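J.: Sequence and predicted model, in that order:
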Amino acid sequence: MEEAPLRNLRELAWFERNLDAGVSALHLDDHRLIAGDWDGGIHCWDLDGEHLWHAQTNNRVSDFALGGDRLFAVCGRDIVCLNIASGEICWDAELEGSSDLVACTPDGSTILATSSVFDLEMNDFLESTFWRFNTDGDLIRQDSLDERPWSIEMRNDGVAFLPLGRPRCGMVRAEVDGLHHTPLPTDSPATCGFSGQSHMVIGHADGTLTAIDDGMVMDDDTYTNQPGPIESISATEPGFLVAISIEPGAEGSGFGAAEGLARAYDQKGVLLWQMETSLGRNFEHIVYGPVINNNTSAWISSWDNQISVIEIRTIPEGDPVMRIEMESRANSIVGNSAYLAIGFDDGAVYLLQGDLLTRRLETEGDSETGEHRSSMADKLRRLRS
């Protein structure tokens, strides 16, 4: 596949912001961008870049959920509820171990969270706890698990589905009366999950992709097995994207010299295109991004412990749009049909907007124009800050 042209992220961004600590989590919707950092800071901007509020929690922010007028965040050992308009902390509760995931109903009346205990000597998770709160922060129920859940699919009625790691693997259905375990077609542990369509797609360590619709395994052949552990999934109406770690020489790895694969499929499971990484470079994030020049875009991020490379390709053709290289790890990427946000380990947060991105990519400015634009962007950032 043809290599994409290298572009400067700063010159393309709708806006850039810089936090005092590395970005650990992002939330993007039709009204705002929210970033959490490794020091427990939570920052909220509107989509024009105006800073709306800042809140401080005790430790690293790992996940967000938005319901009604409340934002729920898991931070270190805590779950924190904030007023989405002001950032005021309404309540918080301490969990056992390190908090991992949070989800809520659309109205924010039921909130679910998971936490886990990691054993450094065994290099594995010992146990997890599943928590259920009401909107006032009252603990309704907590349940212990020997496995770590890797994602949550939350229904509007408060029922949730969580794919599990070892030892049992499978999935639990979480209801008000407790957790109910069910096996999946593969006994391989879950590695990730994504709820972006009318159903949930679960990735497994053996390369299996399992589709879950309302707690039932979908009986179809849409989701092709992959030649290695699933690292990341993105699923929307155009189809689905998957990033895979593979062993050199494994079937499906091209000439056997790839560390990983990124693949794009249409909604019927037909392979559209694939990318490979060189040895030593791992795919970490794969998401759908904004429409660029009338095409849905796919954003694929990889890391080799020195440089982040973000490749942007079109859906469905896979044509190269651009390539971004940064001397910091991309910790979080979230996108939709209009915007995409990237948060880096050095604290930089970038928001890109589809229409502006299309115009700037179509402008083949010379180096003098690029330097002038970069200078003006730096001045504008200083004025905004």
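T.: Looks like it arrived, so ask away.
J.: was I right about Ala25 contacting Leu71?
T.: No - shown here, Ala25 and Leu71 do not form a contact pair, counting by C-beta atoms under 8 Å, at 11.5 Å. All C-beta spots, glycine's among them, are computed from the backbone N, C-alpha and C.
J.: Compare those two and say which is more crowded by neighbours.
T.: For Ala25 versus Leu71, neighbours defined as other C-beta atoms under 10 Å are more numerous around Leu71 (27 against 22).
J.: circling back: identify the contacts common to Ala25 and Leu71.
T.: Phe64 (C-beta atoms under 8 Å, 6 or more residues apart in numbering).
J.: lowest-pLDDT helix or strand in the protein?
T.: helix 367-384 (a mean of 52; mean pLDDT, DSSP states H and E).
J.: show me where the stretch 1-150 of the chain has helices.
T.: 9-12 (DSSP state H, counting those that start in this stretch).
J.: Could you list the low-confidence segments of it?
T.: Counting by pLDDT under 70, the ranges of the stretch 1-150 of the chain that qualify are 1-2, 119-125.
J.: Okay, and the beta partners of the closest residue to Gly335 other than its chain neighbours?
T.: Closest residue to Gly335 apart from its sequence neighbours, by C-beta to C-beta, 6 or more residues apart in numbering: Gly289 at 4.0 Å. With DSSP bridges applied, Gly289 shows beta-bridge pairing to Ser297.
J.: got the contact list for Gly289?
T.: Contacts for Gly289 were tallied using C-beta under 8 Å, 6+ apart; they are Thr296, Ser297, Ala298, Trp299, Ile312, Gly335, Asn336, Leu340, Leu352, Gly354.
J.: Can you name the residues that contact the fourth one?
T.: This means Trp299. His285, Ile286, Val287, Tyr288, Gly289, Ile310, Glu311, Ile312, Ile333, Gly335, Leu340.
J.: ok, now how distant is it from Gly196?
T.: 14 Å (C-beta to C-beta, to the nearest Å).
J.: With adjacent residues omitted, what lies nearest to Asp206?
T.: With C-beta to C-beta, 6+ apart, the residue lying closest to Asp206 is Ser188, at 3.8 Å.
J.: Check whether that neighbour sits in a helix, strand or coil.
T.: Under DSSP: H, G, I helix; E, B strand; the rest coil, the three-state class of Ser188 is coil.
J.: Is it correct that it is in contact with Thr208?
T.: Yes - because the distance of 5.9 Å satisfies C-beta under 8 Å, Ser188 is recorded as touching Thr208.
J.: so what's the residue nearest to Glu327 when sequence neighbours are not counted up against?
T.: Computed as C-beta to C-beta, 6+ apart, the closest residue to Glu327 that is not its neighbour in sequence is Ile307, at 6.2 Å. Shown in contact with Ile307 (C-beta under 8 Å, 6+ apart): Glu325, Met326, Glu327.
J.: Need the pLDDT of the second one.
T.: At Met326, the predicted lDDT confidence score is 97.
J.: Tell me the bridge partners for the nearest residue to it once chain neighbours are set aside.
T.: Counting by C-beta to C-beta, 6+ apart, Met326 lies nearest to Ser308, which is 4.5 Å off, once chain neighbours are set aside. With DSSP bridges as the criterion, Ser308 is bridged to Trp303, Met326.
J.: and Ser308, how many residues sit next to it?
T.: Ser308 has 23 nearby residues by other C-beta under 10 Å.
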